[in-house]
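*Asks:* Show me the folded form of this:
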Amino acid sequence: MCRSVDLFTTACMLNGLYHSISLGVRGRMYRFLVFVMLATLPAACNLPRGAAMQSEILRGSAEETRDFQLVPITRNNVAAVRGWPAPPGAGRPWRAWPTGGLRSADPIGIAAGDQIDVTVFDTEENSLLTGAGERVSNLQQLVVNADGSIFLPYSGRIKVSGLSAEAARERVQDALTPSLPSAQVLLQHRPGRRNTVEILGSVGAPGSYPLPDRGFSALSLLSVAGGASAEMRNPVMRLMRGGVGYGIPLRSLYDQPRRDLSLRGGDRLIIEEDHRQFLALGASGVQNAIPFPRDKVSALDAVTLMGGIAPSRADPKGVLVLRDYGANQVRSDGRGPDRQRVIFAVDLTTSDGLFSARNFYIADGDVVLATESPISNTRTIFSLVGQVFGVFTSAGSIGE
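*Replies:* Sure, this is the predicted structure:
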C-alpha cells in the first residue's frame, strides 16, 4: 500500500465516524462503510494517472547497479553538461557553414561544357567565312571542350577556358586576323553545368541558374528563386559542394549577413524545414512530438512549447529530460555521461532551477516528461471518499 494511503486512512475513518455520529447512521451501515473503505484503499495506489511520479521513475538512482545516470540541472553543472557530446543522431547531418565569404563581382570565367556563340562581321568581298553578298557569319553553340578550347574554321583550336567573355572575344579575333584581317568579332557566353548552380526545396522557383558573376551569393540565389516558403518552421539552408554537405539555419544567415558566401559552379542549395523534434509526455498541456521552432531550444522553452505543466496534476519540481547516449560516449571524468541512459532533472520551483533550465538545451530525440504530483492522488482519494460518504449520508437521512 502506498505511503499516501497510510496517511489518509485514519483521516477517512475519523471523517466517517464524525458523520455517523452527527447524522445518526446506524452501526451496521458504518461498519459496512469502513469495510468498503479498507477494501478499496489498496486500489488507490493504482488510480488512473496521466504520468508517473518523479519518485517512481528515479527509484534506485543512488544504487551502484543503476542503469541510468541522474543529473539535477543547477548552476554548478549546466555549463559542463552543455559541453557533453551530442547524442547519436542528434547532431546536424552536415558540416559547419563555410567561412569563405564574398568575392568581388568579377566576370565568370569560361569553363568546359559552356557554349560560345561567335558572330563574325567581314567586309571583304572574297571572305573565307561569308558567301557572296554576305557580311555576317554566325558560328552558334560552340561547346567548350574538356581541354578548354573551341574550334574555329581557318584558325583551329583556341583556348578560352578561364577567360571572361570579353577576353575570349579578343583572343578569337586575334586568331582570325591572319585569315580575315578586316573581321570584327562578337562573342556570347552561355554558362554550362560548371558555371551553373541549383536551388531545391521549399522555394518559389526551384531550378538551375547560371552564375552571373563571381560574387553571386547564396542569399542572392535564394532571392532570385523567390525566397523560402513562409509556411516552413525554422527553415535551414544546406549547401552541397564537392560531395560535402554544409548547413546553417536561415535565420542565422539573415541575422549575420557576413556569413553569406559566394557560390561556385556546381554548387547546390537545398532549403528545407528543420527536422529535429522532442517528445512531450506527462502532465503537460500537450503530449506529442514537438518540432524545434528555432535553432536552440532550452528546457524552459520546451515546457512552454508543451503548453506548460498542468497546474492541478504536475510536479513543478520534477520536469525530467530523458536522453540516450552512445556506448562510446560514456566517460568517467565528468566530461560526458557515466551511463548511456541519462535523466536530467529540472526544478521549476527555485530561481536556480529556472535560470539553469534556460541554459540547458534540448537535443533532437529527447523525451521531456512532466511528472505527476503526489497531491493529485490525494485529491482523487478525497474526492472518491467524499462521494461515498455523500451516498451513505443520503441513505441515513432517508432511513430516519
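*Asks:* how near is Pro87 to Pro72?
*Replies:* From Pro87 across to Pro72, the span is 19 Å (Cβ to Cβ, to the nearest Å). All C-beta atoms are positioned from the backbone trio N, CA, C, and that covers glycine.
*Asks:* These two - which one has more neighbours?
*Replies:* Pro87 (19 against 13; other Cβ atoms under 10 Å).
*Asks:* where do the helices sit along the stretch 151-300 of the chain?
*Replies:* Using DSSP state H, counting those that start in this stretch, the helices of the stretch 151-300 of the chain run over residues 165-176, 218-224, 250-255, 299-305.
*Asks:* closest one to Thr123 among these?
*Replies:* The closest of these to Thr123 is helix 165-176. By Cβ to Cβ, the value is 13.6 Å.
*Asks:* Tell me how this protein divides into domains.
*Replies:* Structural domains assigned to the chain are 3-49+391-399, 54-89+276-372, 95-104+197-273, 115-190, following automatic domain parsing.
*Asks:* could those domains go into CSV alongside mean pLDDT?
*Replies:* Formatted as CSV, these follow (pLDDT from 0 to 100):
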stretch, mean pLDDT
domain 3-49+391-399, 51
domain 54-89+276-372, 91
domain 95-104+197-273, 94
domain 115-190, 88
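*Asks:* So which residues of the stretch 1-150 of the chain form strands?
*Replies:* For the stretch 1-150 of the chain, the strands identified by DSSP state E, counting those that start in this stretch occupy 68-72, 95-96, 115-121, 136-143, 149-152, in order along the chain.
*Asks:* Alpha carbons of the last one, as CSV, please.
*Replies:* Yep, that's strand 149-152 we're talking about. Extracted C-alpha coordinates of strand 149-152, given in CSV (Å, rounded to 0.1, in the frame of the first residue of the first chain):
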residue,chain,number,x,y,z
SER,A,149,39.2,25.0,-76.3
ILE,A,150,36.8,25.7,-79.1
PHE,A,151,37.4,25.0,-82.8
LEU,A,152,37.1,27.8,-85.5
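*Asks:* Which positions within it qualify as buried?
*Replies:* Within strand 149-152, the residues that qualify as buried are 149-150, 152, counting by 16 or more other Cβ atoms under 10 Å.
*Asks:* As CSV, these with distance to Gln141 would be great.
*Replies:* Shown next, in CSV, are the buried residues of strand 149-152 (distance: Cβ to Cβ, whole Å):
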residue, distance to Gln141
Ser149, 15
Ile150, 10
Leu152, 13
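*Asks:* of the residues you listed, closest to Gly207?
*Replies:* Of all those, Ile150 has the smallest distance to Gly207: 27.1 Å, by Cβ to Cβ.
*Asks:* list the contacts for the closest one?
*Replies:* When contacts are counted by Cβ atoms under 8 Å, 6 or more residues apart in numbering, Ile150 is found next to 116, 142-144, 157-158, 160.
*Asks:* would you list those in TSV and tack on distance to Gln184 and neighbour count?
*Replies:* Compiled in TSV, the contacts of Ile150 are given as follows (distance: Cβ to Cβ, whole Å; neighbours: other Cβ atoms under 10 Å):
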residue	distance to Gln184	neighbour count
Ile116	16	23
Leu142	18	19
Val143	24	14
Val144	22	22
Arg157	22	13
Ile158	17	19
Val160	18	26
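*Asks:* ok, those residues vs Arg66, which is closest?
*Replies:* Here the nearest of these to Arg66, counting by Cβ to Cβ, is Val144; it sits at 67.6 Å.
*Asks:* per-residue confidence for the residue nearest to Glu166 when sequence neighbours are not counted?
*Replies:* Taking Cβ to Cβ, 6 or more residues apart in numbering as the measure, Glu166 lies nearest to Pro107, with 7.3 Å between them; neighbours along the chain are not counted. As summarised for this prediction, Pro107 has a pLDDT of 89.
*Asks:* Neighbours of Glu198, how many?
*Replies:* For Glu198, the count of nearby residues is 18 (other Cβ under 10 Å).
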